[in-house]
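**Q** Pasting a predicted model and its sequence here:
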Amino acid sequence: MSEEEPAPPPAPTFRHEMEFLPDSSLENWTQTVDELSKSVSTKKINYTDLFYEIAINLLFTPDRIQFEQLLSLSNKIINVMPNLKERQDAPKQLIIILQTLNTSNNNNLQVAQFVKNLKADEGTKSLFANNTVIRSLMPDFQKQYYMDAKQNSHGVRSFTSLHESSEGYGKLIAETAGLFWNSNAYSMVNYYIQAVDRLMVHFELDPNRCFLILLSVFSNHLDQHESLILQILRKSQWWRPANVNHTVNGLIVAYITNFQSKGTHDRPVPELKLITLLVKED
């Protein structure tokens with residue numbers, strides 16, 4: 001004897017006596033929208049109380065007032081706000097009310113569609129909407145979530161690609177290459193390190209990308225300026241022999257693997273010589 005399947009949960013119900021959207025208001029919807037909009041703009045009624053009734057009708061009595069009518073009313077209320085601050089705050093309040101009342105999550109798609117068509121900037125929607133709503137608004141949600149976490153939760157913003165901060169990386173290369181043409185280069189080491197630090201902070205350059213660039217520039221001047229390069233690296237924050245440097249470890253593996261896979265041993269790779277010196281220094 002097979003077990004009976006449990007009955008599906010009953011549809012959510014909500015008891016509320018409508019103050020702004022009673023049955024009589026549905027007879028002439030256009031007139032109702034105009035009257036409510038005027039009352040909100042003149043502050044005769046609190047727009048959050050009206051949003052509360054809109055949310056109740058959308059979530060608990062969807063057959064009472066059409067989805068498009070509730071959406072149109074909401075957008076009209078947002079548009080008639082008397083000042084910019086309230087016009088920005090209104091959609092935030094409506095999104096919060098909708099999600100607060102949607103306790104059973106049975107109407108996630110409906111709420112998402114409603115918020116998607118709400119007259120509000122995308123920043124407001126993504127900031128106050130939950131993940132279900134955001135996923136419907138942003139097809140690349142996972143990528144955006146990662147970038148936001150990287151910037152706001154796990155570190156500071158940094159540009160890893162050269163095109164993202166071409167001016168910053170260009171100045172870094174020029175500052176580095178120019179050092180080797182300076183007759184007083186050894187006395188300029190401290191200044192150079194501070195200059196690079198300032199460039200990294202000002203242009204929000206990625207430290208690992210900066211190290212890759214420095215590795216490339218340094219390696220092409222290694223034969224004539226080996227002691228200068230090692231002095232820079234010893235004093236800089238990019239190379240700490242006493243600490244585990246995962247970036248350099250990764251570079252060593254990447255360069256050696258790439259060098260072996262190409263099989264072009266007849267052409268010297270200058271970065272390998274510099275890496276060898278770094279390993280020796282460690």
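**A** All right, it came through fine. This one's a predicted model, so the numbers in the text were calculated from it and none came from an experiment.

**Q** what's the burial count for Val217?
**A** 17 (other Cβ atoms under 10 Å). C-beta coordinates here come from the backbone N, C-alpha and C atoms, glycine included.

**Q** So for it, what's the nearest residue that isn't a sequence neighbour?
**A** Distances taken as Cβ to Cβ, 6 or more residues apart in numbering place Thr176 nearest to Val217, at 4.7 Å, with adjacent residues excluded.

**Q** CA atoms only for the host helix or strand of that neighbour - export them in CSV, please.
**A** Using DSSP states H and E, the element containing Thr176 is helix 166-179. Extracted in CSV, the C-alpha atoms of helix 166-179 (Å, rounded to 0.1, in the frame of the first residue of the first chain):
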residue,chain,number,x,y,z
SER,A,166,45.8,52.5,-19.5
GLU,A,167,47.1,55.8,-18.1
GLY,A,168,48.1,54.3,-14.8
TYR,A,169,49.9,51.3,-16.3
GLY,A,170,51.5,53.5,-18.9
LYS,A,171,52.9,55.8,-16.3
LEU,A,172,54.2,52.8,-14.3
ILE,A,173,56.1,51.5,-17.4
ALA,A,174,57.4,55.0,-18.2
GLU,A,175,58.6,55.6,-14.6
THR,A,176,60.3,52.2,-14.5
ALA,A,177,62.0,52.4,-17.9
GLY,A,178,63.1,56.0,-17.2
LEU,A,179,64.9,54.9,-14.0
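
**Q** May I see the buried residues of that helix?
**A** Gly168, Tyr169, Lys171, Leu172, Glu175, Thr176, Leu179 (16 or more other Cβ atoms under 10 Å).

**Q** got a list of what Leu36 touches?
**A** Each residue near Leu36 by Cβ atoms under 8 Å, 6 or more residues apart in numbering is listed here: Phe20, Ile45, Leu50, Leu73, Ile77.

**Q** Mind checking which of those residues are in helices?
**A** Leu50, Leu73, Ile77 (DSSP state H).

**Q** among these, who's most crowded?
**A** Ile77 (25 neighbours).

**Q** Please name the residues that touch that one.
**A** Taking Cβ under 8 Å, 6+ apart as the test, what Ile77 contacts is Leu36, Ser37, Val40, Tyr47, Leu50, Phe51, Ala90.

**Q** do that again at 6 Å, thanks
**A** Val40, Tyr47 (Cβ atoms under 6 Å, 6 or more residues apart in numbering).
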